[in-house]
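Engineer: what would the 3D arrangement of this be:
(chains A, B and C)
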Amino acid sequence: MSRRSEGTNEFGRHLLSVADLDRQQATLVLDTAAQIEAALAGREVKKLPTLRGRTVVNLFFEDSTRTRISFELAAKRLSADVINFSAKGSSVSKGESLKDTALTLEAMGADAVVVRHSMSGAPHRLAQWVRGSVINAGDGTHEHPTQALLDAYTMRSRLGRLEGLRVTIVGDVLHSRVARSNVLLLSTLGADVTLVAPPTLLPVGVETWPVEVGFDLDASLPKADVVMMLRVQRERMAASYFPSPREYSRRYGLDATRMAMLADDAIVMHPGPMNRGMEIAAEVADSVRSTIVEQVRNGLSVRMAVLYLLLGGSEVSS
Amino acid sequence: MGHVHNAANDTASETAAEAAAAADPALPRSPNRLILDAGDLGRVIDRIAHQILEKSDGARDTVLVGIPTRGAPLARRLAARMRAFEGVDVPVGVLDTTLYRDDLRMRGVRALEETTEPPGGVAGKLVVLVDDVLYSGRTVRAALDALRDLGRPRAVQLAVLVDRGHRELPIRADYVGKNIPTALTEQVKVLLDEVDGRDAVVLQGGTQ
Amino acid sequence: MSAWLITGVRPYGEAAVDLLIRDGVIVEVGRDVTAPGAERIDGDGLVALPGLVDLHTHLREPGREDAETVQTGARAAALGGFTGVHAMANTDPVADTAGVVEQVWRLGQDSCLVDVAPVGAVTVGLGGTRLAELGAMADSAARVRVFSDDGFCVTDPALMRRALEYVKAFGGVIAQHAEEPRLTAGAQMHEGVRSAQLGLVGWPAAAEEAVIARDVLLAGHVGSRLHVCHVSTAGSVELLRWAKAKGIDVTAEVTPHHLLLTDDLAATYDPVYKVNPPLRTASDVRALRDGLADGTIDAVATDHAPHSVEDKECEWGAARPGMLGLQQALSVVIATMVETGLLDWRAVADRCSTRPARIGGLVRDGHGGELLAGTPANVVLIDPADRAIVDPAGLASRSRNTPYAGMELPGRVVATFLRGRPTVLDGKAQA
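Structural biologist: Residues are numbered from 1 along each chain as shown, chains lettered A, B, ... in the order given. I've put the predicted structure just below:
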């Protein structure tokens, strides 16, 4: 594996999992995002020349317009050339393997590949086949590192700290890459995480995670600084993860009554897209506590920071 | 603590020289030579402040923009002195140039530093860029690019505490605290109380 | 037929003797054997065991000859010290008729490297709904005695009961792939701490154990013989121990990979470690080794499962499960059971030859016998001191999906004899 040359900050080649980041590196991403945000605040020209001549490929095997657009804009604001390679309508849908796709991108000289894939671990595989940096933009039910980074960034900018922050994550932890990345990153950064979910939507082995686990949302709300609501798909009902959307929403949904139980400065987060009326009531999503729009905005700064840190320095080839 | 390189006064060539000197213990190194002590440094800053006031018609429509790390406190000190001399409030900003550097690929990724636009912006103003050491000129070039994206100043000038020569670009300073002829193997260190706990300018390294 | 004199070899790792093979039979075992005209092999430092028997091999022919053929699989088997292998029924077409099992059996005979005993499917097309013509397969030239839907579980309890009963008529055995499919829908790896972390759908131990529990009760109820394929969990070992103590006629096998590897390897997301049943935890590995040591588990069976490059060089979720096993099985047994002191060589012969031959009905062909004068000369010579790093490129299989690549493993098969004829000499296949 190649490593950065005698750089002032050691940063890996890829971002596959937030487990790749220690506390110093994670903090560096957040600090860099803050500096970039400040550098661009109120400016006429919102573009930086930093990654001129570099090529970033958005390789999306799964539809996610929001994440793709966020990465695309982040790369363009750093002056990188961006190629969007969506699996639909491409050679991939005609049966081309991930490896062949990787070799094609390699031949095109991609400096970074941002990959979204429905299968856990696909970015890890890709990283074995390309020389450029691989950024995991969400893989199956595994991880979504930049989402966790932008969530942490949002918490820090709203509440001023992460150390000791009490974060309650509510909902379908079992199928959530957002939850996995957030649990890892927040514990790395010193926050106290509580998971609240129906037992069917918690993975076997969750007892080994650095979190508290509870089943009672009402009990955990008054203690929380942050409540993060996860998207719950109605289809889970068909597999008997819960009896009905109504029962789910009654036991685990965040409505105005429950929101009133929160501390005065507590915030409500959601990675989007929301199921209004299912895990989150409309008046909660639109309240001043809600950081949902901020999260989208912060996503841009955080992704610029990640691209800068992965591509902004020299590289000693392997 | 990992020392984050000061983007303001370091270039690839300086780093290479530094590395060469450090790598060869047999290379005789001269002891640090004190160029300016705290008193000298204060007087130099006072002089630059006076010169800026003089050339800008009493700092009319003038803003100071410091280049991190040490250019930022220098700009604040200049503003304080200008207030003391003439009672003018000169807006101060900070401009990190890292994202505009043309030598990013020559070394590991650098940490960014703060950027703060001066109150009232830069459009239509006389912008005085402030840095500690002028060397290759690449930092100043990056700062000019960054400034252009911030807005359109009426004019841009450059104030530096030390000019050590060895320019790689056609850039010169409008205000120079002290010219120090140096060898490529030498390194000029500006120490400021706000960053380093004391005020001084020292010359390090080089062969005897 | 020529004669072979192996001098100074240690049968079962015991005292060194000379071993004379002539006309397909071991004719003499003793000191200072003289045999004019016999070809000599210096057996100094080598251990002799009866030829190994594998109860569980996928040879992929017919249907996936790009991954393996009977010929390439037979070569891998011979190089691994095997003289008999059972070829699983999940080919294309499925081995659920006398015609297909005879074809596979003949291909094995033609290989001249190993006896291939076809396994017949329990149900038509492995569909799990209708019994295949088990009797016709038993009566065919292939003389099938082991029946399995391996790859799929016979989940219908009534159908399983009938199958267990029906094969009694011809001394057959049902080899169950124990997996409750409703509990393993979409499963990618062992369900536990690792799967939670990696976001891969879990394959719970209970899905295996629930079926084993049901099947030993059924076998006990109808007085039939049951064989359990690739036991992978500590709980399964306990259930088998309980069933055997109750006097239920059940046997079981464990794969080399389940004796050595754990689910930690899934963290690489390299599908070479994807297998069904999945790699389990270190405590399961310990329980499996103990179960094999005390005889609760009767046999080591490879579950040799060749896959083409495109079925493995892909995302974990898209990859087919399975690993190569034939060529490294004995080495893994030496590393996990012999070098750890859990089994002596006699017990290795028991678990890798005698018992599997008995379970699979291959004693009739002279497999699994003792190394004594008068028994058919199915013999393997092993250099236990030799250690080598596994290089996938050097394997005889047509596929490359070995999980042992780069590992240093002990034990080298120097020679294999099938009914007195060398199939491997000096570590090289003879066909």
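Engineer: let's check: the centremost residue of the chain is which one?
Structural biologist: All of this is about chain A. Centroid-nearest residue in chain A: A:Gln147, 1.5 Å away (criterion: Cα atoms, centre = their mean).
Engineer: nope, chain C please
Structural biologist: Closest residue to the average C-alpha location of chain C: C:Ala301 at 2.4 Å, with Cα atoms, centre = their mean.
Engineer: about what we covered before: state the phi and psi torsions of the residue nearest to the centre of chain A.
Structural biologist: phi -70, psi -40 (degrees, to the nearest 10).
Engineer: do the same with C:Gly8
Structural biologist: Phi and psi for C:Gly8, reported as degrees, to the nearest 10, are phi 60, psi 30.
Engineer: any idea of the pLDDT on the residue lying closest to C:Ala136 once chain neighbours are set aside?
Structural biologist: Nearest residue to C:Ala136, sequence neighbours excluded (Cβ to Cβ, 6 or more residues apart in numbering or on different chains): C:Ala98, at 4.5 Å. Placement of C-beta: from N, CA and C, glycine included. Predicted confidence (pLDDT) for C:Ala98: 97.
Engineer: what ranges do the strands span in chain A?
Structural biologist: A:55-60, A:81-86, A:112-117, A:133-139, A:166-170, A:192-196, A:212-214, A:226-229, A:267-269 (DSSP state E).
Engineer: any idea which of the ones you listed scores lowest on pLDDT?
Structural biologist: When I compare the strands of chain A, strand A:81-86 is least confident, with a mean of 90.
Engineer: packing partners for that one?
Structural biologist: Helices and strands touching strand A:81-86, by 3 or more Cβ pairs under 8 Å, 6 or more residues apart in numbering or on different chains; DSSP states H and E, are strand A:55-60, helix A:65-77.
Engineer: those: which one's closest to C:Ser2?
Structural biologist: Closest of these to C:Ser2 is strand A:55-60, at 62.0 Å (criterion: Cβ to Cβ).
Engineer: give me the sheet partners of the closest one and which way each runs.
Structural biologist: strand A:81-86 (parallel), strand A:112-117 (parallel) (DSSP bridges).
Engineer: could you say which of the ones you listed is packed most deeply?
Structural biologist: strand A:112-117 (a mean of 28; mean count of other Cβ atoms under 10 Å in any protein chain shown).
Engineer: can you give the contact residues for that one?
Structural biologist: Identification of contacts with strand A:112-117 by Cβ atoms under 8 Å, 6 or more residues apart in numbering or on different chains yields A:54-62, A:64, A:67-68, A:71, A:75, A:80, A:98, A:102, A:105, A:122-123, A:126, A:130, A:132-140, A:307, A:310-311, C:315.
Engineer: distance check, C:Tyr404 against C:Val424.
Structural biologist: Separation of C:Tyr404 from C:Val424 (Cβ to Cβ, to the nearest Å): 19 Å.
Engineer: coming back round to it: would you mind stating the distance between the residue nearest to the centre of chain A and A:Arg250?
Structural biologist: According to Cβ to Cβ, A:Gln147 and A:Arg250 sit 27 Å apart.
Engineer: so what's A:Asn298 up against?
Structural biologist: Residues in contact with A:Asn298, defined by Cβ under 8 Å, 6+ apart, are A:33, A:37, A:150, A:153-154, A:157.
Engineer: what's the closest of these to chain C?
Structural biologist: The nearest member of the contacts of A:Asn298 to chain C, counting by Cβ to the nearest Cβ, is A:Leu150 at 19.4 Å.
Engineer: show the pLDDT at that closest one.
Structural biologist: In this model, A:Leu150 is scored at 98, pLDDT.
Engineer: can you get me a residue count around it?
Structural biologist: Using other Cβ atoms under 10 Å in any protein chain shown, the number of residues around A:Leu150 comes to 29.
Engineer: picking that back up, help me confirm that the residue nearest to the centre of chain A comes into contact with A:Arg180.
Structural biologist: No. Contact criterion Cβ atoms under 8 Å: A:Gln147 and A:Arg180 do not qualify, at 10.3 Å.
Engineer: can you map out the helices along chain A?
Structural biologist: For chain A, applying DSSP state H gives helices covering A:23-40, A:65-77, A:98-107, A:122-127, A:145-159, A:177-188, A:217-220, A:245-252, A:256-259, A:282-285, A:292-311.
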